[in-house]
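> here's a sequence, model it:
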Amino acid sequence: LILLRHAVGPGRGTFTVERGRNSYSRLVRARMRRTLVNDVVDTPVLFELGDTARLREFEASVQKIEMGSFSRTLRREDRWLKTEETIGEDQVFFGVVADGHGGSEASEHAVARVVQYICSEAAGDATSASLKWAGQRAFARLHEEVCASGTTAGTTLTVCAVNPHRRELTTMNVGDSIALLYPRPLKSLPTTAAASQPQQLTADHRLQTNTKEQLRCKLQGAMIARAVDPTTGGPGGPLRVWPGGVAQVRTIGDADVGRIISPLPASSTIILPDTGSWDCIICSDGVSDALAYPTLFKLCRRSKLASASTTAKLVVDEAVAKRHAFNNEGFQVPRDDTTCVILRFLDPRDTDASAGCALETCEDVGPLPHVDVGKDHVHDAFDSSHFRAVGPEGAGQDRL
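Numbers count the residues shown, from 1 in each chain. Below you'll find the model as predicted:
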């Protein structure tokens, strides 16, 4: 028999052929690695010698996940992580973004521990249901640890976990750091409109746009009001909860706000397409407040043949450079910490260079469908950096 092993490294996949004693056989027993890990398919696949078409299709089915990130800092409160971990027999790729407020202690602790806690709570089960349950336990544990540390800092937290073996993308988030999926089906294969539609994977927990969060706060006796604009003396900025003055109450930390803060994450799972390429975009509000979603997708489409890190840098630079035509003050200076993490799968058959065209040739994707995680994200361009909090003494510093 001829044993065909498929080894996938950081670059392109390579085939190594070993000839056994029974060279008269016309069958090849192929055991392939589904990802960049030691996860071998249980059922061998048989090919006839010379069947190059099936071999190419077999190689193309191996999902190679590339991870990239880039950040521009202003307050140095954003933290991010991209890593791969083994849970049971599956390799899971994690992308994490935490946007801190009131200090960096909460975001730093959350990013340093969240993947470790999820893997521990999953107990060797990498299914989407297990990851969701593990995520809830991990978020709650992080919240308790941050509050017990004595800091009043808080943070958003968005975690995307890709399991290529099961073709599952599981997302968990608190706060307003968004995650989006942008699929790019192969033009050579038939596909449905739904399969090529970008999707928002996270919920927006800002009080300004989330009526369910407003109702939850009111039922717990919290006061919801805007801060006072020091220049006009009137209300300004987004809705905030008092005491504390935070603009979102689904976060990690914020010990001074008290029991109104909930670390329970919104979660979703989608099945990734088995053909074609896709990008999972995770970013802080420094990106999502500056760029409309269609612009994000156009940037990813334009740089689809570049590395994930290059695409992340392109997104961040575009967000930082975004200014109105009549106001270019502070050009190329971040107005907020701006972070982007990208998990990318590029189908080897997706080599159409015309897809990497200029921005103007890409169609507007329109409103995004959601995956049972909440309302549409509404961009709030109001800058609250000049507001002072109103409320009880020690209600806190202004937080975005």
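
> helices along the protein, start to end?
52-60, 105-122, 128-148, 211-219, 285-288, 293-302, 308-321 (DSSP state H).

> deepest-packed of those, please.
helix 285-288 (a mean of 26; mean count of other CB atoms under 10 Å). Heads up, the C-betas are built off the backbone N, CA and C, glycines and all.

> so what touches it?
For helix 285-288, the external contacting residues (CB atoms under 8 Å, 6 or more residues apart in numbering) are 72, 74, 78, 99, 156, 176-178, 296, 315-316, 319, 334-340, 377, 379, 400.

> can you do 7 Å?
Outside of helix 285-288, the residues within contact range by CB atoms under 7 Å, 6 or more residues apart in numbering are 99, 176-178, 315-316, 319, 334, 336-340, 377, 379.

> same thing with stretch 213-224?
Counting by CB under 7 Å, 6+ apart, His205, Leu207, Leu239, Val241, Trp242, Val249, Arg250, Arg259, Ile260 sit against stretch 213-224.

> re earlier: just give me the closest of the contacts of helix 285-288 to Ala148.
Ala148 lies nearest to Asp99 out of the contacts of helix 285-288, by CB to CB, at 21.6 Å.

> go ahead and confirm that closest one touches Ser177.
Yes. Using CB atoms under 7 Å, Asp99 makes contact with Ser177 at a distance of 5.1 Å.

> who touches both of these two?
Common contact partners of Asp99 and Ser177 (CB under 7 Å, 6+ apart): Thr156, Ser284, Asp285.

> pipe those residues into JSON lines and attach distance to Met223 per row.
Shown next, in JSON lines, are those (distance: CB to CB, whole Å):
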{"residue": "Thr156", "distance to Met223": "22"}
{"residue": "Ser284", "distance to Met223": "27"}
{"residue": "Asp285", "distance to Met223": "24"}
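
> and which of these is nearest to Ser307?
Nearest member of the shared contacts of Asp99 and Ser177 to Ser307, counting by CB to CB, is Ser284, at 20.8 Å.

> surely that closest one is in contact with Asp78?
Yes. With contacts counted by CB under 7 Å, Ser284 reaches Asp78, the gap being 5.4 Å.

> compare the two and say which is more crowded by neighbours.
A count of neighbours by other CB atoms under 10 Å puts Ser284 above the other of Ser284 and Asp78, at 31 against 28.

> export stretch 141-161 as PDB, just CAs?
Taking C-alpha atoms only, stretch 141-161 is exported to PDB below (Å, rounded to 0.1, in the frame of the first residue of the first chain):
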ATOM      1  CA  ARG A 141     -15.400  34.000  37.300                       C
ATOM      2  CA  LEU A 142     -13.600  36.900  35.700                       C
ATOM      3  CA  HIS A 143     -16.200  39.400  37.000                       C
ATOM      4  CA  GLU A 144     -15.800  38.100  40.500                       C
ATOM      5  CA  GLU A 145     -12.000  38.300  40.400                       C
ATOM      6  CA  VAL A 146     -11.900  41.800  39.000                       C
ATOM      7  CA  CYS A 147     -14.400  43.100  41.500                       C
ATOM      8  CA  ALA A 148     -12.500  41.400  44.400                       C
ATOM      9  CA  SER A 149      -9.200  42.900  43.300                       C
ATOM     10  CA  GLY A 150     -10.200  46.400  44.500                       C
ATOM     11  CA  THR A 151     -10.300  48.200  41.200                       C
ATOM     12  CA  THR A 152     -13.300  50.000  39.800                       C
ATOM     13  CA  ALA A 153     -12.200  49.500  36.200                       C
ATOM     14  CA  GLY A 154     -14.500  47.600  33.800                       C
ATOM     15  CA  THR A 155     -14.200  46.100  30.300                       C
ATOM     16  CA  THR A 156     -16.200  44.800  27.400                       C
ATOM     17  CA  LEU A 157     -15.200  41.300  26.400                       C
ATOM     18  CA  THR A 158     -15.800  39.500  23.000                       C
ATOM     19  CA  VAL A 159     -14.600  36.000  22.400                       C
ATOM     20  CA  CYS A 160     -14.900  34.100  19.100                       C
ATOM     21  CA  ALA A 161     -14.000  30.400  19.000                       C
END
